[in-house]
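> How does the following fold in three dimensions:
(chains A and B)
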Amino acid sequence: MLNKKHLVLLASTGAITLAGAATAQADTLEDTMERGAVQCGVSDGLPGFSAPDDDGNWQGIDVDVCRAVAAAVLGDSEAVNYISLNAVERFTALQSGEVDVLSRNTTWTTTRDTTLGLNFTGVTFYDGQGFMVPSDLNITSVDELDGASICIQSGTTTELNLADYFRANDMEFNPIVFDTSEQTVGGYQAGRCDVLTSDTSQLAALRIQLSDPSTSMILSDVISKEPLGPVVRQGDDTWFNIVKWSLFAMLNAEELGVNSDNVDEMLESENPNIARLLGEDGNYGEGMNLEADWAYNIISQVGNYGQSFDRNVGMDSPLEIERGINKLWTEGGLQYAPPIR
Amino acid sequence: MSVRPNDARPAGHKPPFWRDRAKRALIFQLILVAVVAAFLIYIIGNTQANLEARGITTGFGFLSDTAGFGIGQTLIEYSSQSSYGRTFVIGLLNTLLVGGLGVLAASIIGFIVGIARLSPNWLIAKLANAYIETFRNIPLLLQIFFWYFAVLRTLPSARESMAFGEAIFLNVRGLYLPQPLFESGFGLIPATFIVAIVASIALVIWNKRRHEATGKRLPVFWMSLVIIFGLPLLVLVVTGVPVTWEMPVLRGFNFGGGITIIPEFLALWLALSIYTASFIAEIVRSGIQAIPHGQTEAAQALSLPRKLVLRLVVIPQAMRVIIPPLTSQYLNLIKNSSLATAIGYPDLVSVFAGTTLNQTGQAIEVIAMTMAVYLIISLLVSMFMNWFNARVALVER
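Numbering: from 1, shown residues only, chains lettered A, B, ... in the order given. Okay, the predicted model is just below:
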């Protein structure tokens, strides 16, 4: 018996085996134009990052990256095929060409960037690993967790960070590893483990899914750095640039005060930075084989980075995550995009 | 026979090779082998070219790298500093553990239920029938979820464990048992145990020869039982019981010390055993019913008691019918154990083809190794069962 995960894995592995050698040189941009849609790999349902809403439309900050790419390439942010992937199958799906962009709360690490034939294009969300515990345990710090049973999702960097941290601090733990985040929460709620660990943003999302969120609290300790970003295949630099600059355009737009509401007025702006961003002065899409209005399409249809953040994970969303280190560099945060010129 | 002019060949003249059926067959087989070999060479070369073109690292070097993650149930020593190769062994052992114990439990339950189904007692037969029809017709994954989420999840938390004496505890984290710690001098006991087994075998053989020669028999079953269990017990008492028990104790979050049986294992083991047992029960029933009733009547006509009719006439013949389909049930059980990943039992698929694959990204190598393991386990089980089948098969004289 095979479950879906194994089928996808086998299919993807088979694709690498059987695909003609020529596809390695494939032109993702051309294929996308021909198909009329961006193949986007998303999570198996993580509110705020990528999850279908009540009407079945995918929503989230990771989803917005794919929508931005679709807006830049095809002029239509809705022209995206979403493929839901779990943590284990995500890289194989990208390697084999099943998806063209993986935007699925994926941590940027050396191994992933250098040995998998993949490239990270930037950071959509600066995250760190945290812990959720039942409030009635009266635990205030990670250092009190010696000997605890800890629920984790399989195939994540959290699994490694956890082992590292506990070993470094000479503490013991008992890992209970689940396949999907849904099962992980199930295990935590049933009391199979004392602690649930994941990226803090995910903990916020998972906490509001609990039957009674007030019974659990998120510890303030963060034990790792988890820069989450979109991933593309190596060897197609044009496509790499498109995905990279789609996110940069959203960041630059926020920095310049351009958003989806005022973008049409901004077309008249005297500010040369804005004129270059919106394609009124020069054609900065040309180098990526895109139209001059590529960034205009992103901002008018998806919005700038701040809008996406607030709408999906920030104060306008049920997650209510503080902007924190994800503020723009001008406001003391880490989000910084190279200029468009 | 009509003789055509062509047939009048001189003696010794061979037909051209394409007219010779044996040679033709050989040629076709050679062509097939060549095609398969060419396909394999193409596929392997193509895969390597593709991987290289995409900048994906290949090879099995990753197996000696540090794994860096924890595993919930390890039969041999393991820490996050162990290698990826070690995670393979850990996963494999966990798979073999649940597979082996599953085969054992499924066989026992299956034989009991299969015989119960043929019972002349109406209630017993109907209960066995209900068992078979229920568990055979519910998908295995649902049964695993049932045991894990509906049964074991309702157990109390670690602090409110059910305690049986001060030694055994049951809670949502698993079953905690005392662990025997052997002191010096304990080695005598397994040694006596082995001696006792050898002695019983000798006794059985001697008894058989004596029976054939003189017709007299001793109650060897009970005698062997006494030897096998009594002798080590005697030595245990004489040496002053060199065993201490390490009790599970609640420390902080969890119980420490003793042996822990995790609920993921219990759920998977129960589900696999109970599901497969329902198929085995049907196989056993069909095997017994395949023996013509005349055999039983003939045996009874020889005034064999009912117990011996079953043991000497019916079951040996039924085994010939039972073993081939039983083998495929064993294989199914072992392969189905890969559903472990759904509830987080750290089996080969969950640990190696799950976490290790994802941490290293070596999909082709990891999947190939995992598939090879299941293939080898299945082939070994088949070989053993074929050997066993050959032993019980009808010997034609």
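
> what sits against the residue positioned nearest the centre of chain A?
Centroid-nearest residue in chain A, with C-alpha atoms, centre = their mean: A:Asn105, separated by 3.3 Å. Contact partners of A:Asn105, counting by C-beta atoms under 8 Å, 6 or more residues apart in numbering or on different chains, are A:43, A:46, A:49-50, A:62, A:125, A:127, A:199, A:201-202, A:228. Every residue, glycine included, has its C-beta placed from N, CA and C.

> CA-only coordinates of the top helix by length along chain A, as PDB, when you get a sec.
Secondary structure of chain A per DSSP state H: the longest helix is helix A:237-255. Output of helix A:237-255 as PDB, limited to C-alpha atoms (Å, rounded to 0.1, in the frame of the first residue of the first chain):
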ATOM      1  CA  ASP A 237      19.000  32.100 -14.600                       C
ATOM      2  CA  THR A 238      16.200  34.000 -16.300                       C
ATOM      3  CA  TRP A 239      13.600  32.300 -14.200                       C
ATOM      4  CA  PHE A 240      15.700  32.700 -11.100                       C
ATOM      5  CA  ASN A 241      15.900  36.400 -11.700                       C
ATOM      6  CA  ILE A 242      12.100  36.700 -12.300                       C
ATOM      7  CA  VAL A 243      11.200  35.000  -9.000                       C
ATOM      8  CA  LYS A 244      14.000  37.000  -7.200                       C
ATOM      9  CA  TRP A 245      12.900  40.300  -8.500                       C
ATOM     10  CA  SER A 246       9.200  39.700  -8.100                       C
ATOM     11  CA  LEU A 247       9.800  39.700  -4.300                       C
ATOM     12  CA  PHE A 248      12.200  42.600  -4.600                       C
ATOM     13  CA  ALA A 249       9.600  44.600  -6.500                       C
ATOM     14  CA  MET A 250       7.100  44.100  -3.600                       C
ATOM     15  CA  LEU A 251       9.700  45.200  -1.100                       C
ATOM     16  CA  ASN A 252      10.800  48.200  -3.100                       C
ATOM     17  CA  ALA A 253       7.100  49.200  -3.500                       C
ATOM     18  CA  GLU A 254       6.600  49.200   0.200                       C
ATOM     19  CA  GLU A 255       9.800  51.200   0.700                       C
END
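
> Quick one: list the elements packing against it.
Contact here means 3 or more C-beta pairs under 8 Å, 6 or more residues apart in numbering or on different chains; DSSP states H and E; on that basis helix A:237-255 packs against helix A:28-35, helix A:61-74, strand A:231-233, helix A:272-277, helix A:294-301, helix A:305-312.

> just checking, next helix/strand downstream of it?
Next in sequence after helix A:237-255, counting helices and strands by DSSP states H and E, comes helix A:263-266.

> and that following helix, which residues are buried?
For helix A:263-266, the neighbour count (16 or more other C-beta atoms under 10 Å in any protein chain shown) marks A:263, A:266 as buried.

> Could you pull out the helices in the stretch 151-300 of chain B for me?
Taking DSSP state H, counting those that start in this stretch, the helices of the stretch 151-300 of chain B run over residues B:188-214, B:220-225, B:231-238, B:263-289, B:293-301.

> any low-confidence regions in the chain?
Here I'm looking at chain A. Across chain A, the ranges flagged by pLDDT under 70 are A:1-26.

> Sorry, I should have been clearer: chain B.
Within chain B, the stretches with pLDDT under 70 are B:1-12, B:184-185, B:394-397.

> Am I right that the residue nearest to the centre of chain A falls within a strand?
No: remark: A:Asn105 does not belong to a strand; assigned using DSSP: H, G, I helix; E, B strand; the rest coil, it is coil.

> ok, back up a step: can you turn the buried part of the contacts of A:Asn105 into a PyMOL selection?
Filtering the contacts of A:Asn105 down to the buried ones (16+ other C-beta under 10 Å) takes a single PyMOL command:
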select buried, chain A and resi 43+46+49+50+62+125+127+199+201+202+228
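
> So which of the contacts of A:Asn105 sit within strands?
A:125, A:127, A:199, A:228 (DSSP state E).

> What number of residues are in the vicinity of residue 288?
All of this refers to chain A. By the other C-beta atoms under 10 Å in any protein chain shown criterion, the neighbourhood of A:Met288 contains 21 residues.

> Can you look at chain B instead?
20.

> and if you look at A:Tyr126?
A:Tyr126: 18 surrounding residues under other C-beta under 10 Å.

> do you know how far the residue lying closest to it once chain neighbours are set aside is from chain B?
Spatial nearest neighbour of A:Tyr126, chain neighbours left out: A:Ile325 (4.9 Å); criterion: C-beta to C-beta, 6 or more residues apart in numbering or on different chains. Using C-beta to the nearest C-beta, to the nearest Å, A:Ile325 is found at 26 Å from chain B.

> Doesn't A:Ile325 lie inside a helix?
Yes: when classified by three-state DSSP, A:Ile325 is found to be part of a helix.

> got the contact list for it?
Residues counted as contacts of A:Ile325 (C-beta under 8 Å, 6+ apart) are A:126, A:333-334.

> can you list those in CSV and add distance to B:Ala299?
Putting the contacts of A:Ile325 into CSV (distance: C-beta to C-beta, whole Å) gives the following:
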residue, distance to B:Ala299
A:Tyr126, 81
A:Gly333, 88
A:Leu334, 86
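
> quick revisit: return the member of the ones in strands among the contacts of A:Asn105 nearest to B:Thr66.
A:Asp199 (22.8 Å; C-beta to C-beta).

> surely the closest one meets A:Met132?
No: using C-beta atoms under 8 Å, A:Asp199 is not in contact with A:Met132; the gap is 11.2 Å.

> Quickly note the distance from the residue in the stretch 151-300 of chain B that chain A sits nearest to to B:Ala37.
Chain A sits closest to B:Arg153 of the stretch 151-300 of chain B, with a gap of 4.2 Å, by C-beta to the nearest C-beta. Distance of B:Arg153 to B:Ala37, computed by C-beta to C-beta, to the nearest Å: 53 Å.
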